[in-house]
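**Q** structure, please.
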Amino acid sequence: MTSVKAVTETPSSTDHAVPGLGARPVWRSAFPSTRAFDSDRAAWHAVAVCLGWSAMIVAAHQTRTGPAGHRVALAVHLVSLAVGFGTVLAVDACGLAVLAGRRTIAEMLRFSARADVLIWAGFTGLGVSGVFLDPKFGDAATLLNLYAVLILGLNGVYARTVRDRLPALAGDAGVPDLPRPLLLRALGSGLLSQAAWWTSIVIGTFAS
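**A** Predicted coordinates:
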């Protein structure tokens, strides 16, 4: 009797399977299991986000900005918002195109990797400029905004850990080829990102 190992190692058993007969590609069956924050680098990035967030709060408590400085900080804040959130919307639009079957996962990965720098630059600009906007820490809306920003940063780190699992997929892979847990994590991260961004934007617009 032929062993299971011999069958799975035979190229003709999967590599040349006829499409539509239910054969599962080797690269998909060998896809690694997923877990949140699966690397030391991701953990250090999360720590850096928390430390940076805390440092900005401390700095904001110690900073008093005059009218001219406030206008400059507000301009930087708005530009950072346009860069960061605008890029997030572009990445999410690319993700929707993947869900619709109009783009491959490989295309989304390349676009997301290039957009990463702009997203983090915008996020950092928002935090630094916010120090000089004299936030009202006694206001519940301001506190909610601060925690929304923290969630944005940590979710950005988590989204990168999810993305780092995807290059194991074939270049023409689509959504049906993704393991369901990984797909749910990617969708959950995207929804959380949108919720946190819009929370911060609404509070910044109507409660400032």
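
**Q** is the residue nearest to Ser189 when sequence neighbours are not counted within a helix or a strand, and which one?
**A** Leaving out its chain neighbours, the residue that sits closest to Ser189 by CB to CB, 6 or more residues apart in numbering is Ala159, at 4.5 Å. C-betas here are computed from N, CA, C, even on glycine. In this assignment (DSSP states H and E), Ala159 forms part of helix 140-163.

**Q** so how far is that helix from its chain's centroid?
**A** When distances are taken as CA atoms, centre = their mean, to the nearest Å, helix 140-163 is centred 10 Å away from the chain's centroid.

**Q** buried stuff in that helix?
**A** 142, 145-146, 148-163 (16 or more other CB atoms under 10 Å).

**Q** quick one: average pLDDT of the longest helix anywhere in the chain?
**A** In terms of residue count, the longest helix belonging to the chain (DSSP state H) is helix 67-99. For helix 67-99, mean pLDDT rounds to 93.

**Q** buried sites along that helix?
**A** For helix 67-99, by 16+ other CB under 10 Å, it's 73-74, 76-77, 80-81, 83-85, 87-88, 91-92, 94-95, 98.

**Q** could you pull out the helices for this structure?
**A** 4-8, 26-29, 40-62, 67-99, 105-131, 140-163, 180-206.

**Q** tabulate those helices in CSV, adding columns for distance to Gly174.
**A** Output for the helices of the chain, formatted as CSV (distance: least, CB to CB, whole Å):
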stretch, distance to Gly174
helix 4-8, 24
helix 26-29, 11
helix 40-62, 26
helix 67-99, 7
helix 105-131, 7
helix 140-163, 16
helix 180-206, 11
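
**Q** and the nearest residue to Val83 once chain neighbours are set aside, how many neighbours?
**A** Spatial nearest neighbour of Val83, chain neighbours left out: Gly122 (3.8 Å); criterion: CB to CB, 6+ apart. Neighbourhood size, Gly122 [other CB atoms under 10 Å]: 20.
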